[in-house]
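S.K.: pasted the sequence and its predicted model underneath.
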Amino acid sequence: MKKAKIAVLGGCRGKEILQYCIKSERAELVAVCDNNPVVYADLEKFFSTQEKKPIITDSFDELLKIELDGIILANFANEHAPFAIRCLDAGINVMSEVLPAQTLKEAAELVDAVERSGKLYCFSENYCYLDAPREMRRLYKSGALGNLEYAEGEYFHNCEPIWHNLTYGNPEHWRNIKHAFYYCTHSLGPIIHSTGLRPISVTGFEPPYNDKCRRQGILGAPFAMEIVTLENGALVRSCHGQTSKNSVWFSMTCSKGKIEGAREAAVNAKDSPHGKVYASINPEETVFCDDVDGYVPKTQFGETESYGHALADRLIVENFISALLNEPCDIVDIYEAMDMFLPGIFAYKSVLAGGIPQAVPNFRDKAERDKWRSDISTTDRRVAKDQWIPSYSKGNPVIEQSVYDNIYNKWLNEQNKEDK
Ligand SMILES: NC(=O)c1ccc[n+]([C@@H]2O[C@H](COP(=O)([O-])OP(=O)(O)OC[C@H]3O[C@@H](n4cnc5c(N)ncnc54)[C@H](O)[C@@H]3O)[C@@H](O)[C@H]2O)c1
C-alpha cells in the first residue's frame, strides 16, 4: 500500500498532530522541524522511545529538500501564509493549522500560490470534524434540513490556567497582541463547512476589556462576536474567545428542521458523551419541530481510544492523507478557508468603523483579491508598519512588565520541575 510521506513544522501543537501520522497505516512521518531548542530536545526524547524515528531538524530549508507528499504547518498561528507559499511553490501539498494568514495581503498571495502551484491546500479547521458539526453537515447535505435560516457557533476556551504554557510570558506572542476577532474559524467554520454557504457581509461586536485579560497580559478584548449574513440571507452568530466558562457549541435552524449539539454544562453534569446532538426534521415545514432524544453520531474509529479534540484531530489528518493519496476525502480547501477567516478580519474593521456592516470579499475572484492586496493592517507593528491597528478598538491598555515576568517564571518553574 502506498504511504503518504509527511513532515510536520512545529513541535508543540505539531507533536499532537504528528501522532496521527504515526498511527495511520496510510502515512509515513518522514521529518519534524522545530527551531526552539527546548522543543527540539523534547522531540528527540519522544522519538527515542518510538519504533521509527523521523528526521528531526531545526531548519525549515532542510525540510523543503526532503522528498515529501505533504507538510503539516503547526508553526505560530500568525506565520502560516509565508511558509505555506514556500511549500506550494516547492511543489509540496500543504495542510495548515488555523489561521491561514495574518493580513489580507498575505491571504490574497496564499490563494494566488494555491492556484499557481496546482497543489493541495487543506485548512486544518478541526472543529468541523467534531461529532455535532459532522452530523450537521451530513444532514444538511442530504437536503433533509432544508435551507439554513439561522445558525450559532460558540468557541469559548478559558485558557488562563495554561496561559504560561501557551505564551511563555512573551509580550509579543500572537496570543497577547492579536485582536479578539482574529481567531474566528473554530466558531464560524463548522457552519460554513456544513452548509457550503458563502459569507457576504459581517458586523462585529466587541465586549469591554477586563481584568482577566490584564492578568494574562492580553492586549485585545476577551472575546468577539460576529453577526454574519450568508449568501442565502441566513444569519449566523459566531462568538469566540475567553470567558469564565468553556463552550464548544453549534446550532442550525433551517426551513425543514433544526439540529444542535449538547451544551458543555449539560454534558459535564450528566457525564454523557461530548458529541451528543439533538435533531428534529419536519418535511412539511408548517409543523412545529419537536424536541427529540439526543444521539451520538457514528464514526469509523473505535470509541474506546482517546483522541485530541474528541476525534477531530485524527479525522483531519486522515482526510489530508486521503487527499494526498487521491482517495475520497472531506477537506476544507483554500476558498472555504477564506470564507471562514475573512469575516473575523472584516468584523474588526466594522468595529473600528463604528459598527458599520462590512462586505466580505469572495477571494475566489482575483479582481476581489486585487482590491485588498496592499492591506497589511494588523495588530503586530513589525508586520503592519504604518497600517498598524490597536489590539483593542479603544486603544491598547498599558500592562506592567511584571505581569509577563510572573507568567515567564511560572512557565520556567514548570519546565524545571519536568526536567527533574
Ligand atoms: N486546531 C486546534 O484545535 C489548535 C489547538 C492548539 C493550537 N492550534 C494551532 O497550532 C498552531 C501552533 O500553536 P501555537 O501558535 O500556540 O504555537 P506552539 O506553542 O504550538 O509552538 C509553535 C512551534 O513552532 C515552532 N516554529 C515556529 N516557527 C518555526 C520555524 N520557522 N522553524 C522551526 N520551528 C518553528 C516553534 O519553535 C514552536 O515550538 C497555531 O496555528 C495554533 O492556532 C490549533
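M.R.: Good, I have the coordinates. Residues are numbered from 1 along each chain as shown.
S.K.: heading C-terminal from the lowest-mean-pLDDT helix or strand in the chain, find the next helix or strand.
M.R.: Ranked by mean pLDDT, DSSP states H and E, the weakest helix or strand in the chain is helix 264-270, scoring a mean of 69. Towards the C-terminus, the helix or strand next in line after helix 264-270, according to DSSP states H and E, is strand 277-281.
S.K.: now do that following strand: which elements does it pack against?
M.R.: Contact here means 3 or more Cβ pairs under 8 Å, 6 or more residues apart in numbering; DSSP states H and E; on that basis strand 277-281 packs against helix 131-142, strand 257-261. Any C-beta I mention is one placed from the backbone N, CA and C, and that applies to glycine too.
S.K.: what's the average pLDDT for that strand?
M.R.: Averaged across strand 277-281, pLDDT comes to 88.
S.K.: who's in contact with that strand?
M.R.: Strand 277-281 is contacted from outside by 131-132, 135-136, 139, 144-145, 256-262, 289-297, using Cβ atoms under 8 Å, 6 or more residues apart in numbering.
S.K.: buried subset of those residues?
M.R.: The neighbour count (16 or more other Cβ atoms under 10 Å) marks 131-132, 135-136, 139, 145, 256-262, 289, 294, 296-297 as buried among those.
S.K.: what are the phi and psi values for residue 243?
M.R.: phi -130, psi -180 (degrees, to the nearest 10).
S.K.: which residues touch the closest residue to it other than its chain neighbours?
M.R.: In this structure, residue 243 finds its nearest non-sequential neighbour in residue 156, 4.9 Å apart by Cβ to Cβ, 6 or more residues apart in numbering. For residue 156, the contact set (Cβ under 8 Å, 6+ apart) comprises 223, 239-243, 245-248.
S.K.: quick one: the helices in the stretch 101-250 of the chain, in order.
M.R.: 104-117, 131-142, 163-167, 174-177, 185-195, 211-216 (DSSP state H, counting those that start in this stretch).
S.K.: winner for burial among those helices?
M.R.: Of all the helices of the stretch 101-250 of the chain, helix 185-195 has the most neighbours on average by mean count of other Cβ atoms under 10 Å, namely a mean of 27.
S.K.: close to the ligand, is that one?
M.R.: No - Helix 185-195 lies apart from the ligand when judged by Cβ under 6 Å from any ligand atom; the minimum separation is 7.0 Å.
S.K.: contacting residues around that helix?
M.R.: 98-99, 123, 125, 127-128, 130, 132-133, 136-137, 140-141, 148, 151, 153-155, 198-199, 226, 228, 230, 234, 236, 238-240, 248, 250, 252, 332, 336-337, 339-341, 343-344.
S.K.: wait, doesn't residue 145 sit right on residue 260?
M.R.: No - using Cβ atoms under 8 Å, residue 145 makes no contact with residue 260, being 11.7 Å away.
S.K.: tell me the residues that contact both of these two, please.
M.R.: Common neighbours of residue 145 and residue 260 (Cβ under 8 Å, 6+ apart) are residue 252.
S.K.: so the residue of the stretch 201-350 of the chain found nearest the ligand: helix, strand or coil?
M.R.: Taking Cβ to the nearest ligand atom, the ligand has its nearest neighbour within the stretch 201-350 of the chain at residue 309, 5.5 Å off. Of the three states, residue 309 takes coil according to DSSP: H, G, I helix; E, B strand; the rest coil.
S.K.: measure how buried the residue nearest to it when sequence neighbours are not counted is and give me the count.
M.R.: Nearest residue to residue 309, sequence neighbours excluded (Cβ to Cβ, 6+ apart): residue 126, at 5.3 Å. Using other Cβ atoms under 10 Å, residue 126 has 26 other residues around it.
S.K.: name all residues that make contact with residue 126.
M.R.: 309, 312-313, 315-316.
S.K.: please redo it, this time with the cut-off set to 7 Å
M.R.: The contact partners of residue 126, by Cβ atoms under 7 Å, 6 or more residues apart in numbering, come to 309, 312-313, 316.
S.K.: between those, which sits nearest residue 44?
M.R.: Here the nearest of those to residue 44, counting by Cβ to Cβ, is residue 313; it sits at 23.0 Å.
S.K.: tilt between the helix or strand hosting that closest one and helix 131-142?
M.R.: Assigned by DSSP H and E, residue 313 falls within helix 312-324. On the basis of axes from the mean of the first three to the mean of the last three Cα atoms, to 10 degrees, helix 312-324 is oriented at 40 degrees to helix 131-142.
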